[in-house]
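>>> build the 3D model from these lines:
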Amino acid sequence: MKRIALAERPTGFPTDANFRLEEAEAPAPGEGEVLVAVKYMSLDPYMRGRMDDGPSYAAPVPVGGTMEAGAVGEVIASNDPKFKPGDMAMGMFGWATHGVAKASMMRKVDPEAAPIQTSLGVLGMPGFTAWAGMTAYSKMKAGETLVVGAATGPVGSMVGQLAKRAGLRVIGVAGGAEKCEMAVKTFGFDACIDHRGKDAKAMREALATECPDGIDIYFENVGGPTLGGVIPLLNLHARVIICGMIAWYSGESDETGSMPLQKLWRYSLVKRLTIQGLLQTDHVARFGEFLREVTPLVASGEIAYVEDVAEGLENAPQAFMGLLKGKNLGKLVVKVA
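Okay, here's the model as predicted:
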């Protein structure tokens with residue numbers, strides 16, 4: 001097998017030196033475990049946090065350890081009756097051509113229902129994250145206005161489409177004209193704002209134009225100037241769902257346009273804001289409900305998705321670094337085999 005290990009912890013933005021491609025013997029499954037030959041693996045912004053050795057909601061990848069990732073592939077050996085050779089299965093197999101996991105931590109993937117790589121995106125963790133946050137915390141009502149950052153990514157695009165289905169006005173924020181066009185034409189957003197080259201003041205002005213009635217829900221994926229632009233426009237009893245802060249993952253010091261914490265706290269009081277952190281792991285008991293609701297919508301085309309496929313495990317580091325700079329279009333996956 002081949003794998004990509006964390007060679008050293010990054011200082012700031014990741015570089016090639018932080019990754020190492022290695023060959024090793026393929027692992028053998030133990031009792032209750034399954035061995036999978038990986039076909040596709042996922043690349044997601046949260047992986048940057050796992051490269052650091054600091055306090056977080058999950059343990060960091062150890063130096064020398066395999067980079068963490070969800071992946072999907074074919075079962076080639078199983079010591080659990082729930083899986084047999086030839087089945088397609090999704091699990092946390094990492095940046096590798098092969099992986100072993102406990103059967104209890106895997107799920108079977110039906111290639112007849114949708115392409116198997118959708119288990120990493122629209123029908124996987126990103127899609128579920130969006131669905132869980134919106135159904136649990138948004139309290140969305142028809143006629144309200146929602147703003148979502150990283151609008152064409154797998155989380156943002158699902159958030160926007162769920163909100164549109166519920167009758168909301170949906171404004172996306174994305175990097176570049178191509179992504180903004182995709183948000184409107186492919187995902188059905190009402191408008192999309194290009195954040196490139198805009199500070200918090202410019203973002204506020206652009207958002208005010210597209211949100212004449214203010215903002216009722218902000219689904220936070222990015223932080224940075226977008227957040228600084230959104231905060232003054234939040235309505236009374238607005239809801240902010242914090243899913244990610246990609247603008248700050250590599251140690252950037254942007255303070256949302258120099259907005260002091262005192263001012264943010266006063267907005268929160270005066271507007272009686274609800275600010276809710278979102279981790280999809282808090283909602284895993286509802287994953288079956290998510291699949292039952294969303295899979296038919298994906299199959300019928302009522303929920304759209306876009307995939308960006310990088311070819312070859314060895315190209316995963318470059319693709320990942322591009323992801324952190326917003327170079328991907330849609331859900332980024334690596335075709336391993």
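
>>> now the helices for the chain?
Assigned by DSSP state H, the chain shows helices spanning 46-50, 125-137, 154-165, 177-185, 200-210, 224-230, 261-270, 287-300, 316-324.

>>> output the contacting helices and strands for the last one.
Read it as helix 316-324. Packing partners of helix 316-324 (3 or more C-beta pairs under 8 Å, 6 or more residues apart in numbering; DSSP states H and E): strand 307-311, strand 331-335. To be clear about C-beta, it is placed using only N, CA and C from the backbone, and glycine gets the same treatment.

>>> next, the buried residues of it.
With burial defined by 16 or more other C-beta atoms under 10 Å, the residues of helix 316-324 counted as buried are 316-317, 319-324.

>>> could you give the angle of that helix to strand 331-335?
Counting by axes from the mean of the first three to the mean of the last three C-alpha atoms, to 10 degrees, helix 316-324 lies at 170 degrees to strand 331-335.

>>> by how many degrees do helix 316-324 and strand 307-311 diverge?
Going by the same axes, to 10 degrees, helix 316-324 makes 150 degrees with strand 307-311.

>>> contacting residues around helix 316-324?
4, 13-16, 18-19, 41, 43-45, 47-48, 67, 95, 246, 249-250, 310, 328, 332, 334 (C-beta atoms under 8 Å, 6 or more residues apart in numbering).

>>> narrow those to just the buried residues.
The buried subset of these - by 16+ other C-beta under 10 Å - is 4, 14, 18-19, 41, 43-45, 47-48, 67, 95, 246, 249-250, 310, 328, 332, 334.

>>> which residues does V240 contact?
217-218, 220, 234, 273-276.

>>> rerun that using 7 Å as the cut-off
218, 220, 273, 275-276 (C-beta atoms under 7 Å, 6 or more residues apart in numbering).

>>> so which of those wins on neighbours?
Neighbour counts for the contacts of V240 were taken using other C-beta atoms under 10 Å; the highest belongs to Y218, which has 27 neighbours.

>>> residues touching the spatially closest residue to L273 that is not a sequence neighbour, list them.
Leaving aside its chain neighbours, L273 sits nearest to A238 (5.5 Å; criterion: C-beta to C-beta, 6 or more residues apart in numbering). Counting by C-beta under 7 Å, 6+ apart, A238 touches 215-218, 271, 273.

>>> could you check the pLDDT of G326?
pLDDT recorded at G326 is 86.

>>> from T15, how far off is it?
18 Å (C-beta to C-beta, to the nearest Å).

>>> then Y46?
19 Å.

>>> ok, G64 next?
In terms of C-beta to C-beta, G64 sits 17 Å off from T15.

>>> endpoints of stretch 208-225, how far apart?
14 Å (C-alpha to C-alpha, to the nearest Å).

>>> number of residues surrounding the nearest residue in space to L291 that is not next to it in sequence?
Nearest residue to L291 in three dimensions, chain neighbours excluded: L123, at 6.6 Å (C-beta to C-beta, 6+ apart). Other residues near L123 come to 27 when the count uses other C-beta under 10 Å.

>>> give me the pLDDT for L123.
At L123, pLDDT is 97.

>>> tell me who's in contact with it.
Here L123 is in contact with 114, 291, 294-295, 298 (C-beta under 7 Å, 6+ apart).

>>> now render the residues you listed as TSV, adding pLDDT, distance to A200 and neighbour count.
Listed next are the contacts of L123 as TSV, based on pLDDT from 0 to 100; distance: C-beta to C-beta, whole Å; neighbours: other C-beta atoms under 10 Å:
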residue	pLDDT	distance to A200	neighbour count
A114	94	39	17
L291	96	39	20
V294	97	34	21
T295	96	39	18
V298	96	36	20
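
>>> list the buried residues in stretch 178-188.
Buried residues in stretch 178-188 (16+ other C-beta under 10 Å): 179-180, 182-184, 187-188.
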